[in-house]
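Chemist: Provided below are the primary sequence and the corresponding predicted coordinates.
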Amino acid sequence: MIEPQYQLDPPAKGVHSFDDFTRLREVVVGRADHYTTHDADISWRLFYFENVAPHLADGQRTLSIPQQIVDELNEDVAGFADALAGCGVRVLRPSAPGKDVEVSSPWWSSGATPPLNVRDNAVILGDTIVETAPHIRGRIFENDHLKPHFARYFEQGANWLPMPRPALAAGSLDTAYFDRQNIDVTAAMASEDALPIDGLGLEMVFDGAQCVRLGRDVLVNVANHNHELAYRWLARNFPSLRLHRLPGIADNHVDSIVVPLRPGLMLLRDPHYLQYLPEAMRGWEAIYPPPSAVPEQNYDEFGFMIPTASRYIDINVLSIDENTVVVNSLYPELIELLEERGFTVVPVRHRHRRLFGGGHHCFTLDTVRDGGLEDYLAA
């Protein structure tokens, strides 16, 4: 577990990011200031449903997070940012929220989410910043914390496109994925307190972490009609890319399921998921993560447990280059396996990984990497 040392490169000119594994030059790392509550409105409940449903009481709306845990999260994120800078990566941070706020529309109100998991509300496709269409109401203005960086990239020549902003009114979210899995979300839907917009129906909703970028090819997870609308938007706006529809490999994000480490080699949660991948990618070599001996975190002393992320969140690694990868130091089994495969591992601690919905990949938006429009998959 050797931390490589690099010379810091000069500032990049505009965004340039086509994949998740070529040499990383510039990245945004999120921040968790004031992340002391989850607002469990219907959009939040549906997004995290499979993980949180067993732990939520009927009618429970505000879920408090002890300040000690938030402080420890901030320590770990700061350590992550320092580790990336030590690898020669230029690290940018979102602007800090000044206070806890409520966000509202004419149809709903919710508590704002801090800009921690910046992978979700944007995706970089080559030289274009795409602001995506959030699933969760409390995240609707989250990208405002990144706009100083986006504005600078635009001045340097980057393209900058937003998906249509979803209204997220009552009735706009599709439950088709859960219906196909025979998962009953009736009780969660009963907690809806927003208003509908007559005639709107299902609308475009999508997160950047539903994409896997492979040069000219982009895998796009489409689990419901909300995502299908976003897939069509991407196809119309990026005709030079080859989009591959993943037929509901997960309810939303895929970066704790399939993680390309370099061309021809991927980290894959389980062989079951091969069937969802493009045929050309099924021939790639797969590393399957070993079981972890670290016991499930115990929060009994705080009187709560809110596992927004799945128990596989430590697969959510971040590549510095095709031979160097950041892994949670609390997952030594994966570190050992990757080192056996010749990778240099940068171990970075992330203690409360299941409570805040993200890992090291989720915490980042990689804006500059060396790779381009390579053909990693057959046409």
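Modeler: Looks like it arrived, so ask away.

Chemist: all strands of the stretch 1-150 of the chain, in order?
Modeler: In the stretch 1-150 of the chain, the segments counted as strands under DSSP state E, counting those that start in this stretch are 24-29, 37-39, 62-64, 90-92, 102-104, 109-111, 122-125, 128-131.

Chemist: for the stretch 251-379 of the chain, just list every one of the helices.
Modeler: Secondary structure of the stretch 251-379 of the chain (DSSP state H, counting those that start in this stretch): helices at 279-282, 332-340.

Chemist: which stretch in the strands of the stretch 1-150 of the chain has the least confidence?
Modeler: Lowest mean pLDDT within these: strand 62-64, a mean of 87.

Chemist: tell me the strands beside it, with direction?
Modeler: strand 37-39 (antiparallel) (DSSP bridges).

Chemist: any stretches of the protein with poor pLDDT?
Modeler: 1-13, 97-99, 378-379 (pLDDT under 70).

Chemist: which other helices and strands contact the lengthiest helix in it?
Modeler: The longest helix of the chain (DSSP state H) is helix 67-86. If you count contacts as 3 or more Cβ pairs under 8 Å, 6 or more residues apart in numbering; DSSP states H and E, helix 67-86 packs onto strand 24-29, strand 90-92, strand 324-328, strand 344-348. For glycine as for every other residue, the C-beta is placed from the backbone atoms N, C-alpha and C.

Chemist: could you rerun that using 10 Å?
Modeler: strand 24-29, strand 90-92, strand 318-321, strand 324-328, strand 344-348, strand 364-369 (3 or more Cβ pairs under 10 Å, 6 or more residues apart in numbering; DSSP states H and E).

Chemist: make TSV from the ones you listed and add distance to Thr308 to it.
Modeler: Formatted as TSV, these follow (distance: least, Cβ to Cβ, whole Å):
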stretch	distance to Thr308
strand 24-29	19
strand 90-92	25
strand 318-321	19
strand 324-328	16
strand 344-348	20
strand 364-369	18
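
Chemist: how about a markdown table for the strands of the stretch 1-150 of the chain, with distance to Leu168 and mean neighbour count added?
Modeler: Shown next, in a markdown table, are the strands of the stretch 1-150 of the chain (distance: least, Cβ to Cβ, whole Å; neighbours: other Cβ atoms under 10 Å):
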| stretch | distance to Leu168 | mean neighbour count |
| --- | --- | --- |
| strand 24-29 | 24 | 22 |
| strand 37-39 | 13 | 20 |
| strand 62-64 | 19 | 14 |
| strand 90-92 | 28 | 17 |
| strand 102-104 | 11 | 13 |
| strand 109-111 | 9 | 19 |
| strand 122-125 | 18 | 22 |
| strand 128-131 | 15 | 20 |
